[in-house]
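>>> generate a structure from the sequence data that follows.
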Amino acid sequence: MSPMQTIIDKAAVLIEALPYIQHFKGKKVVIKYGGSVIGEEAHCEAIMRDVVFMRTVGMHPILVHGGGKMITKRLKQMGSTSKFVHGLRYTDDATMKIVIEVLRDVISKNIAKILKHLGAVPTLFNGIDHNMIQCQKKTKHLNETVDLGWVGEIIKIRTDEIMEACEWGKVPVVAPIGADEQGNYYNINADSMAGELASEIGAYKMVYLSDIPGILRDVNDPTSLISSLKKSEVETLIKNKVISGGMIPKVESCLKSLEAGSRKTHIIDGRVQHSLLLEMFTDKGIGTEIVPD
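Residues are numbered from 1 along each chain as shown. Coordinates of the predicted model:
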């Protein structure tokens, strides 16, 4: 291939992206960033480059991050083990301290550092310092009564400061920690946090970045990827245990976002280079999309 053809091909990629850039300008997109990719510097910087690109072309990306694997690692370092109930972490007093340390003081600040380095202006949010996420103790999951310790379900999200940050061209970074009226702190499932936030702000899209290619019919077979699902098909897949464990909060959040008016929701592999841009600005997306009926 000649040098000139290489340049022409690059221009063709930009032209392909143009209608998507025009369409998404001014649109709010909630991005949930989690899985093992969250602890890897190279993956994090690549993802943040995509986020900065989105912001630069006029979109309003809002990041909600998890950190479960890093929390588990930190607990192991302290000689503790993690207990999970239906894919949700049981959170006692000691675990809650680690959750706050890892999510607010390590991951949020590291994401902000990378965004600043790439030329964006991040603003950090959580339910402890900003009183924006009001919670109560979560006692039900999958129609069962459960005891999850200091795990919360969201009652209300105050989004005015997040929306103001977007209007000023900043990138909100949200850690999934909340508090109740008595001042108790709660660990919130980050997938649920992203869904609630997308619903509250009327996000145009919600995207889950994880360390999986999407929803698989067979978890042991990467080629069994389900590229597109209608909302009405999800319940059957949960019943048949095709969707199970930690995938359930993601899918439930996708459904909540769709009910609130999102056009599409996506579960994609954050390990794929520029996965966000591939999903947003090319004719062929990646991962699994869940759409209204």
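
>>> just give the nearest non-adjacent residue to the residue nearest the centre of the chain, would you?
Nearest to the mean C-alpha position of the chain, by CA atoms, centre = their mean, lies residue 32 at 0.8 Å. The shortest distance from residue 32 to any non-neighbouring residue, by CB to CB, 6 or more residues apart in numbering, is to residue 194 (3.7 Å). Where you see a C-beta, it was placed from the backbone N, CA and C, and this is true even at glycine.

>>> would you confirm that that neighbour contacts residue 252?
No - with contact defined as CB atoms under 8 Å, residue 194 does not reach residue 252; the gap is 11.0 Å.

>>> output the below-cut-off pLDDT ranges for the stretch 51-200 of the chain.
87 (pLDDT under 70).

>>> what's the separation between the residue nearest to residue 32 and residue 222?
According to CB to CB, to the nearest Å, residue 194 and residue 222 sit 24 Å apart.

>>> which one's more surrounded, these two?
residue 194 (33 against 12; other CB atoms under 10 Å).

>>> state the distance from the more buried one to residue 287.
In terms of CB to CB, residue 194 sits 15 Å off from residue 287.

>>> show me what the strand or helix carrying residue 290 pairs with in its sheet, parallel or antiparallel.
Here residue 290, judged by DSSP states H and E, is contained in strand 288-291. Using DSSP bridges, the strands paired with strand 288-291 are strand 228-230 (parallel), strand 264-269 (antiparallel).

>>> what's the first helix or strand after the first one?
Same thing as strand 228-230. From strand 228-230 onward toward the C-terminus, using DSSP H and E, the following helix or strand is helix 231-239.

>>> any idea how far that following helix is from the chain center?
21 Å (CA atoms, centre = their mean, to the nearest Å).

>>> after it, which helix or strand is next?
Past helix 231-239, the next helix or strand by DSSP H and E is helix 247-259.

>>> tell me the mean pLDDT over that following helix?
Here helix 247-259 scores 84 as its mean pLDDT.

>>> kindly report the same for stretch 265-273.
On average, stretch 265-273 scores 86.

>>> what do you get for stretch 209-220?
If you average the pLDDT values across stretch 209-220, you get 86.

>>> list of residues touching it?
With contacts defined as CB atoms under 8 Å, 6 or more residues apart in numbering, stretch 209-220 is touched by 31-37, 47, 222, 224-227, 229, 237, 242-243, 247, 250-251, 267-271, 275-276, 286-288.

>>> just the buried residues of those residues.
31-35, 37, 47, 225-226, 229, 237, 242-243, 247, 250-251, 267-271, 275-276, 286-288 (16 or more other CB atoms under 10 Å).

>>> mind listing what the closest residue in space to residue 250 that isn't next to it in sequence touches?
In space, residue 250 comes closest to residue 191 once its chain neighbours are excluded; the distance is 4.5 Å by CB to CB, 6+ apart. By CB under 8 Å, 6+ apart, the residues touching residue 191 are 32, 34, 66, 208, 246, 249, 250, 252, 253.

>>> which SSE is residue 191 in?
helix 190-201.

>>> so for the strand or helix carrying residue 52, what gets flagged as buried?
Under the criterion of DSSP H and E, residue 52 resides in helix 41-56. Residues 43, 44, 46, 47, 48, 49, 50, 51, 52, 53, 54, 55 are the ones in helix 41-56 that count as buried (16+ other CB under 10 Å).

>>> circling back: residue 143 versus the residue nearest to residue 32, what's the distance?
22 Å.

>>> ok, residue 96 - contacts?
Neighbouring residues of residue 96 by CB under 8 Å, 6+ apart: 149, 150, 185, 186, 187.

>>> leaving out the residues flanking it, which one is nearest to the third one?
It stands for residue 185. residue 179 (5.5 Å).

>>> residue 129: what's it in contact with?
So residue 129 contacts residue 104 (CB under 8 Å, 6+ apart).

>>> could you look up the SS state of it?
coil (DSSP: H, G, I helix; E, B strand; the rest coil).

>>> list the residues that contact residue 121.
Residue 121 neighbours (CB under 8 Å, 6+ apart): 115, 168, 169, 170, 171.
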